[in-house]
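**Q** The following block contains a protein sequence and its predicted model.
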Amino acid sequence: MLTGYALIVHRSNWSLKTTKSKRLVAVALFVCLLAVFYVGTLRFGELKMRRYMMLDHYSRTGQWQKIEADCQGKITNFLYMNILARALAEQGKLADTMFDYQFRGPQALAVNWNHTEDVSVLLSDIYFTAGNIALSQRLAFEGNSCARGNYNARLLQRLVQTNLIYGEYAVAEKYIRLLEKSWTYREWAKQQRKFLYNDAEVENDSLLGSKRSLLLSPEDTTQQKVTGEQLETAMQLPILANSAQARTAFEYLMGAYLLKKDMASFQYLIDRYWGTPLLPDLPVAYQEALIVAHEKNPEGLDKYALNKDVLSRYADFRKQVLANRNNRGLAGLLYRSFGDTYWYYVVFK
């Protein structure tokens with residue numbers, strides 16, 4: 001754009017006779033170009049926000065496959081990545097398919113909380129999915145306190161759910177009453193009344209019951225509610241509470257370790273939980289990561305009985321890396337064949 005501006009001014013200087021005229025034309029052109037740049041920037045920001053709102057709508061309505069379809073190819077926005085990771089987690093696919101997508105670093109799974117309404121909604125959703133009800137409730141409460149308008153109905157819904165899970169029925173009923181005043185959420189709110197003061201109804205519900213089972217003590221639903229600020233810490237709580245039922249939190253935690261390339265923590269969890277109900281088998285991505293973790297002592301891999309196809313593919317990857325080590329386009333060369341592997345992530349991201 002600046003090159004074009006300079007060219008126009010240069011040509012104008014040839015056609016205009018006075019210095020004053022030349023200056024006026026230059027200023028006018030500069031103002032016009034600034035306006036074009038400003039409008040373009042606004043337009044770009046508007047498109048990004050529109051896409052986020054669409055992904056958020058899919059997330060709110062449980063249209064997980066539409067999120068996957070929209071996030072094919074390169075994505076660089078961490079908020080998009082967070083929604084995509086949640087979609088995979090809700091379908092039980094996070095461990096198996098995470099490296100099919102363009103995730104980068106642990107913030108791809110959960111961004112840092114910035115005390116805003118929108119990020120509070122996003123993180124409350126993520127931690128609810130993973131089973132950290134304490135942190136989900138806290139973020140819903142904090143997000144609602146800074147909501148545009150009187151309150152955020154979506155966060156009120158989450159507060160109804162978390163308080164039902166904790167057995168704090170009087171608090172849940174308070175939020176239900178608020179939602180019953182809304183035309184949009186009235187029917188949903190009325191449907192939640194069947195859970196009030198009825199532990200059996202809560203525990204038999206596929207959603208609320210499964211989340212209650214991840215509390216540190218299902219018998220004591222008055223326990224501490226605020227715990228876990230960092231992603232890794234937050235995901236450990238459901239595992240400690242009920243490892244057999246905490247598969248989603250476990251996949252988030254393992255994903256965070258892999259994305260930050262923390263092989264020691266990853267290896268520790270493999271050795272602790274492999275062969276248990278939490279990790280009966282090793283997903284392909286975990287097998288690929290074990291090869292990385294045992295690069296200096298490959299004999300240590302024997303006990304894991306890795307898939308022969310995984311071992312063969314790694315041998316091919318290593319061979320091509322060594323053969324093309326001086327090729328500046330190596331990342332692009334290997335992406336088509338190995339872009340969905342953990343080895344590619346470790347070497348090129």
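**A** Received, thanks. Computed from a predicted structure; not experimentally measured.
**Q** measure residue 105 to residue 59 for me?
**A** According to C-beta to C-beta, to the nearest Å, residue 105 and residue 59 sit 21 Å apart. C-beta coordinates here come from the backbone N, C-alpha and C atoms, glycine included.
**Q** Now do residue 343 against residue 117, distance only.
**A** Residue 343 sits 40 Å away from residue 117 when distances are taken as C-beta to C-beta.
**Q** since we're on the nearest residue in space to residue 77 that is not next to it in sequence, how many residues are nearby?
**A** Among residues not flanking residue 77 along the chain, residue 48 sits closest, at 6.9 Å (C-beta to C-beta, 6 or more residues apart in numbering). When neighbours are counted by other C-beta atoms under 10 Å, residue 48 registers 13.
**Q** Is residue 48 in a helix, a strand, or coil?
**A** The three-state label given to residue 48 by DSSP: H, G, I helix; E, B strand; the rest coil is helix.
**Q** Secondary structure element holding residue 125?
**A** If you go by DSSP states H and E, residue 125 is part of helix 117-130.
**Q** and that helix, how far out from the chain's middle?
**A** Centre-to-centre, helix 117-130 and its host chain are 9 Å apart (C-alpha atoms, centre = their mean, to the nearest Å).
**Q** Kindly report the same for stretch 133-144.
**A** That offset, for stretch 133-144, works out to 17 Å (C-alpha atoms, centre = their mean).
**Q** What of stretch 125-134?
**A** That offset, for stretch 125-134, works out to 12 Å (C-alpha atoms, centre = their mean).
**Q** what residue ranges in the stretch 1-150 of the chain score low on pLDDT?
**A** Residue ranges of the stretch 1-150 of the chain with pLDDT under 70: 1-47.
**Q** I'd like the distance between the residue nearest to residue 77 and residue 80.
**A** From residue 48 across to residue 80, the span is 9 Å (C-beta to C-beta).
**Q** cool, and residue 278?
**A** 29 Å.
**Q** do residue 86 as well
**A** 11 Å.
**Q** Would you mind telling me which of these two has the busier surroundings?
**A** The residue with more neighbours, out of residue 86 and residue 80, is residue 86; 26 against 21, by other C-beta under 10 Å.
**Q** shouldn't residue 256 be in contact with residue 107?
**A** No: counting by C-beta atoms under 8 Å, residue 107 is not a contact partner of residue 256; they are 9.4 Å apart.
**Q** Next, give phi and psi for residue 274.
**A** Dihedral pair for residue 274: phi -60, psi 130, per degrees, to the nearest 10.
**Q** which one is it nearest to, not counting chain neighbours?
**A** residue 282 (6.7 Å).
**Q** Give me the pLDDT value at the one you found.
**A** Per-residue confidence (pLDDT) for residue 282: 98.
**Q** count of residues packed around it?
**A** Count around residue 282 with other C-beta under 10 Å applied: 20.
**Q** next one: residue 66
**A** Neighbours of residue 66 under the rule other C-beta under 10 Å: 16.
**Q** do you know how far the closest residue to it other than its chain neighbours is from residue 249?
**A** What sits nearest to residue 66 in space, not counting adjacent residues and going by C-beta to C-beta, 6+ apart, is residue 58, at 4.7 Å. For residue 58, the distance to residue 249 equals 22 Å [C-beta to C-beta].
**Q** Which one's more surrounded, these two?
**A** Higher neighbour count among residue 58 and residue 249: residue 249, with 27 against 19, using other C-beta under 10 Å.
**Q** quick one: that one from residue 341, how far?
**A** 25 Å.
**Q** Same question for residue 270.
**A** 18 Å.
**Q** got it, and residue 269?
**A** Counting by C-beta to C-beta, the gap from residue 269 to residue 341 is 20 Å.
**Q** who's more crowded, these two?
**A** Neighbour totals were compared for residue 269 and residue 341, and residue 341 leads with 22 against 18 (other C-beta under 10 Å).
**Q** Spatially nearest residue to the more buried one (excluding sequence neighbours)?
**A** Nearest non-adjacent residue to residue 341 (C-beta to C-beta, 6+ apart): residue 288, at 5.5 Å.
**Q** isn't that neighbour right up against residue 344?
**A** No: under the criterion of C-beta under 8 Å, residue 288 lies out of contact with residue 344, with a separation of 9.3 Å.
**Q** Neighbour count for these two, which is higher?
**A** The residue with more neighbours, out of residue 288 and residue 344, is residue 288; 28 against 19, by other C-beta under 10 Å.
**Q** Sticking with the more buried one, tell me its helix or strand.
**A** Per DSSP H and E, residue 288 falls inside helix 284-293.
**Q** tell me what that helix is packed against?
**A** Here helix 284-293 touches helix 94-97, helix 247-259, helix 263-273, helix 308-323, helix 342-348, going by 3 or more C-beta pairs under 8 Å, 6 or more residues apart in numbering; DSSP states H and E.
**Q** what is the mean pLDDT for the third one?
**A** Spelled out, that is helix 263-273. Taken as a whole, helix 263-273 has a mean pLDDT of 98.
**Q** Done for today, thanks.
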